[in-house]
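> Just the structure for this:
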Amino acid sequence: MQIQARSFDLIIRDGKVIDGSGNPWFRADVGIKDGKIVAVGDLSGTEAARTMDAGGRVISPGFIDMHNHADIGILVRPEAENQVMQGVTTVVIGNCGSSAAPWNIEAAEVSGDLGVEDSVIRTLTEQGIHWETFAEYLNQVEKRGAAPNVAALVGHGNVRTLALGWDNRPPEAAELDKMRAIVAEAMEAGAFGISYGLMYPPGFFAKLDELVEMNKVVGQYGGFHAIHVRDERNPERFVKSVQEGIAIGERAGTPAHISHMEAHYPNWEMQTVVLEMLEDARARGMDVTCDVPPYLLSTSSLSVVVPDWAQDGGFGKMLARLKDPATRQQIKDFIAAEKPFANRFFIDGNWDKGWLGESVKNPEFTGKNLAEIAEMMGVEPSFDVAFDILIKEGQDLTAHAQLHSEEAMRILVAHPLSMIATDAGVSISNTGMANPRGFGSYPVTFRKYVRGEDRAEEPLERGKKIITLEDAVRKMTSAPAQRLGLRDRGLVREGMWADLVVFDPLTITDGSTYTNPYQYPTGIDYVLVNGQTVVEKGTHSGSLPGQVLRH
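Purely as a prediction, here's the structure:
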């Protein structure tokens with residue numbers, strides 16, 4: 001049926017529309033006016049200020065990255081090239097219990113840093129970009145502008161640090177009230193929910209009752225929680241950790257989202273078990289979902305090799321314990337006896353499969369695995385190497401490890417409750433060993449799991465066709481939009497904001513590799529955010545049309 005002629009700002013002609021619902025594609029034109037989709041159908045003979053020829057390629061909703069860490073990066077590099085070049089039109093930040101706000105100088109001193117170099121924060125401050133409250137942070141992002149839309153969660157780690165530092169104890173009544181008030185302020189400012197990082201300090205000091213109390217506040221505003229569970233690498237504790245993630249929501253009456261739910265070394269066989277736990281929870285009425293960055297290397301911080309009790313009181317006190325010979329030996333004895341989740345991988349001798357992302361004070365360590373760094377130090381690989389690196393650096397560092405199996409990854413990617421995510425942020429430099437997921441999570445999904453293709457340049461990421469093109473798009477668009485409660489994004493339908501990607505389903509592929517991560521994907525023709533072109537034929541326009549989305 002031909003749609004009545006009208007004037008459009010833009011018409012994308014001759015596309016195979018995959019609308020994000022999971023339904024089969026259909027051929028149509030898409031008309032855009034004032035940043036929104038106003039017509040989907042046969043628009044031949046209609047006028048537009050500009051037209052794009054999709055040439056039979058796919059027109060899909062823009063990809064919503066449910067698990068992003070661009071909290072600081074979006075202020076440093078608002079163009080967010082590594083994200084939008086792979087089709088991401090909305091980033092959900094503030095994950096794993098850590099958000100840019102709320103914070104203050106005292107809290108930053110306790111935690112060591114904000115996950116970026118001090119020089120980055122100083123540069124932002126010199127540019128007049130500073131904040132403390134959640135509202136002030138969102139206002140700064142809005143003032144600065146961004147290529148993608150930005151939706152934010154408030155980090156429980158920030159909230160707890162502001163109330164009681166990094167103390168290994170439950171909050172007192174007054175401290176708990178303060179935490180409730182901080183969460184309420186963030187929700188009123190526009191947070192979509194709260195995130196927990198229970199594998200990291202100070203999150204791992206928190207007990208279930210405390211987390212439920214935070215969720216009760218979030219629930220008053222219709223929010224949800226995203227959780228990095230306590231333990232992903234011990235079968236029994238993995239199950240208990242996922243149970244906890246579900247229980248927080250069940251007890252508070254709020255939805256739950258399990259972040260990067262892929263099973264970790266050595267309990268890959270548990271992938272099916274934990275997914276069945278989500279299915280069982282939904283069967284009894286609990287709204288729970290999960291996400292997955294589809295790469296085999298995991299990225300975390302180097303300090304995860306230090307037991308939680310040794311991080312009590314903050315980063316500085318942890319370093320003091322590592323410097324004290326007696327306490328260091330006590331830490332090593334504990335690791336040998338208890339084999340905590342973050343250490344088992346190295347206890348089993350995988351020192352050559354754990355890499356340092358980037359070292360500022362020791363750049364010769366950048367991109368090297370711990371076995372290579374030990375050789376450079378003239379010692380045998382051991383936890384002492386990791387401890388000495390932390391002491392030398394004086395701050396936490398990014399680290400990567402080959403913790404995932406392809407078989408378990410395929411089970412998770414194919415599951416109807418999973419969404420695709422990057423678990424990465426905005427790349428603000430092209431140095432260090434970045435995880436390629438920050439440049440290619442969405443294209444690699446089409447290459448590996450839709451077409452089932454290998455790629456010679458990255459032999460670790462082998463392909464097998466396990467999902468349809470339409471379901472892959474659903475996992476990237478309407479599924480995360482539904483989790484967030486966004487009713488005007490995630491679908492190609494009239495009335496929706498025109499966040500769109502035009503791509504060739506036969507050629508879209510990742511360009512990034514583990515050895516050379518700073519490469520953009522190919523096969524994406526256009527990326528539009530709120531109706532404005534951000535990417536055109538592989539080139540970033542420099543446009544910053546993204547909106548700060550407030551819940």
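> got the contact list for stretch 453-469?
Residues outside stretch 453-469 that contact it (CB atoms under 8 Å, 6 or more residues apart in numbering) are 18, 25, 58, 295-297, 402, 406, 410, 413-414, 436, 444, 446-452, 475, 505, 509-510, 512-514. In this view, the C-beta of every residue, glycine as well, is placed from N, C-alpha and C.
> show me where pLDDT drops low in the stretch 251-400 of the chain?
Applying pLDDT under 70 to the stretch 251-400 of the chain flags the ranges 341.
> got the residue ranges for the strands in the stretch 1-150 of the chain?
7-17, 26-33, 36-41, 47-53, 58-61, 63-65, 88-93, 149-152 (DSSP state E, counting those that start in this stretch).
> for the ones you listed, which one ends up most surrounded?
strand 63-65 (a mean of 33; mean count of other CB atoms under 10 Å).
> circling back to that earlier point, would you format the strands of the stretch 1-150 of the chain as CSV with mean pLDDT and distance to residue 339 included?
As requested, those are exported to CSV (pLDDT from 0 to 100; distance: least, CB to CB, whole Å):
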stretch, mean pLDDT, distance to residue 339
strand 7-17, 96, 51
strand 26-33, 98, 54
strand 36-41, 98, 53
strand 47-53, 95, 56
strand 58-61, 98, 44
strand 63-65, 99, 34
strand 88-93, 98, 33
strand 149-152, 98, 36
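> so which of those comes closest to residue 333?
strand 88-93 (38.8 Å; CB to CB).
> Include distance to residue 334 when you put the strands of the stretch 1-150 of the chain into TSV, please.
Converted to TSV, the strands of the stretch 1-150 of the chain look like this (distance: least, CB to CB, whole Å):
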stretch	distance to residue 334
strand 7-17	57
strand 26-33	59
strand 36-41	57
strand 47-53	60
strand 58-61	48
strand 63-65	37
strand 88-93	34
strand 149-152	36
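> Out of those strands, the one nearest residue 185 is which?
Closest approach to residue 185 among those (CB to CB): strand 149-152, 12.9 Å.
> What pairs with that closest one, parallel or antiparallel?
strand 88-93 (parallel), strand 548-549 (parallel) (DSSP bridges).
> Please list the residues outside the last one that contact it.
Taking CB under 8 Å, 6+ apart as the criterion, the residues outside strand 548-549 that touch it are 90, 138, 141, 142, 146, 149, 150, 151, 190, 192, 486.
> Report the contact partners of residue 542.
Residue 542 makes contacts with residue 79, as judged by CB under 8 Å, 6+ apart.
> Skip the chain neighbours and tell me the closest residue to residue 131.
residue 137 (4.3 Å; CB to CB, 6 or more residues apart in numbering).
> buried sites along the helix or strand where residue 322 lies?
Element membership of residue 322 [criterion: DSSP states H and E] is helix 315-323. Neighbour-count burial for helix 315-323, counted by 16 or more other CB atoms under 10 Å, picks out 315, 318, 319, 321, 322.
> Was I right to think the first one contacts residue 396?
This means residue 315. Yes - Residue 315 is within contact range of residue 396, at 6.8 Å (criterion: CB atoms under 8 Å).
> Quick check: phi and psi at residue 86.
phi -100, psi 10 (degrees, to the nearest 10).
> what's the neighbour count on it?
30 (other CB atoms under 10 Å).
> so how far is residue 468 from it?
Noted for residue 86: a distance of 20 Å to residue 468, by CB to CB, to the nearest Å.
> List the buried residues in stretch 236-255.
Quick answer for stretch 236-255 (16+ other CB under 10 Å): 237-239, 241-250, 252, 254-255.
> Stretch 420-440 now?
For stretch 420-440, by 16+ other CB under 10 Å, it's 420-428, 432-440.
> Now find how far off-centre stretch 406-426 is within its chain.
Stretch 406-426 has its C-alpha centroid displaced from the chain centroid by 11 Å (CA atoms, centre = their mean, to the nearest Å).
> swap that for stretch 258-265, please
12 Å.
> can you tell me which of the buried residues of stretch 236-255 are in strands?
Assigned to strands by DSSP state E, none of the buried residues of stretch 236-255 qualify.
> counting contacts, what elements does the helix or strand hosting residue 157 pack onto?
Using DSSP H and E, the element containing residue 157 is helix 156-164. Applying 3 or more CB pairs under 8 Å, 6 or more residues apart in numbering; DSSP states H and E, we find helix 156-164 packed against helix 105-111, helix 173-189, strand 193-197, helix 208-220.
> Alpha carbons of that helix, as CSV, please.
These are the backbone C-alpha positions of helix 156-164, laid out as CSV (Å, rounded to 0.1, in the frame of the first residue of the first chain):
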residue,chain,number,x,y,z
HIS,A,156,25.9,0.7,44.7
GLY,A,157,29.6,0.9,45.2
ASN,A,158,29.5,4.7,45.0
VAL,A,159,26.5,4.9,47.3
ARG,A,160,28.2,2.6,49.9
THR,A,161,31.5,4.5,49.7
LEU,A,162,29.8,7.8,50.3
ALA,A,163,28.0,6.4,53.4
LEU,A,164,30.6,4.2,55.1
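> okay, the angle between that helix and helix 208-220?
110 degrees (axes from the mean of the first three to the mean of the last three CA atoms, to 10 degrees).
> So what touches helix 156-164?
97-99, 101-104, 107, 110-111, 171-172, 175-176, 178-179, 182-183, 186, 194-197, 200-203, 205-206, 211, 214.
> If any of those residues are buried, give me the ChimeraX selection for them.
Buried residues among the contacts of helix 156-164 (16+ other CB under 10 Å), as a ChimeraX selection:
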select :97,98,99,101,102,103,107,110,111,171,175,176,178,179,182,183,186,194,195,196,197,200,201,202,203,205,206,211,214
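> shaky segments in the stretch 51-200 of the chain?
If you take pLDDT under 70 as the line, the stretch 51-200 of the chain has these spans: 109-119.
> cutoff 80 now
Applying pLDDT under 80 to the stretch 51-200 of the chain picks out residues 105-123, 125.
> and what of the stretch 451-551 of the chain?
Using pLDDT under 80, the stretch 451-551 of the chain has no residue that qualifies.
> All the helices of it, in order from the start?
Assigned by DSSP state H, counting those that start in this stretch, the helices in the stretch 451-551 of the chain fall at 469-476, 478-484.
> Including distance to residue 493 and mean neighbour count, could those go into a markdown table?
Listed next are these as a markdown table, based on distance: least, CB to CB, whole Å; neighbours: other CB atoms under 10 Å:
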| stretch | distance to residue 493 | mean neighbour count |
| --- | --- | --- |
| helix 469-476 | 14 | 24 |
| helix 478-484 | 10 | 23 |
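> if we can go back for a sec, quick check: which of the strands paired with strand 149-152 is nearest to residue 480?
When those are compared (using CB to CB), the closest one is strand 88-93, at 7.2 Å.
> Can you show me the CA trace of that closest one as CSV?
Taking Å, rounded to 0.1, in the frame of the first residue of the first chain, the C-alpha atoms of strand 88-93 are listed here in CSV:
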residue,chain,number,x,y,z
VAL,A,88,25.3,1.4,19.1
THR,A,89,22.8,4.3,19.5
THR,A,90,22.2,4.1,23.2
VAL,A,91,24.7,3.2,26.0
VAL,A,92,23.6,2.1,29.4
ILE,A,93,26.3,3.2,31.9
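> what angle sits between that strand and helix 469-476?
Using the same axes, to 10 degrees: strand 88-93 against helix 469-476 is 40 degrees.
> and residue 180, how many residues sit next to it?
Other residues close to residue 180 by other CB under 10 Å number 18.
> With the one 4 residues further on instead?
As a burial measure, residue 184 scores 16 neighbours (other CB under 10 Å).
> Give me the buried stretch members for the helix holding residue 157, please.
So, applying 16+ other CB under 10 Å, buried residues of helix 156-164: 156, 157, 158, 159, 160, 161, 162, 163, 164.
> how far away is the last one from residue 158?
It refers to residue 164. Distance from residue 164 to residue 158, by CB to CB: 12 Å.
> ok so, going back, just confirm the residue nearest to residue 131 contacts residue 93, I think it does.
No - assessed by CB under 8 Å, residue 137 is found out of contact with residue 93, at 9.9 Å.
> who touches both of these two?
With contacts taken as CB under 8 Å, 6+ apart, the residues that reach both residue 137 and residue 93 are 100, 152.
> for the residue nearest to residue 248 when sequence neighbours are not counted, what are its contacts?
Distance criterion CB to CB, 6+ apart; nearest residue to residue 248, sequence neighbours excluded, is residue 211 at 4.8 Å. Residue 211 sits next to 156, 196, 225, 248 when contact means CB under 8 Å, 6+ apart.
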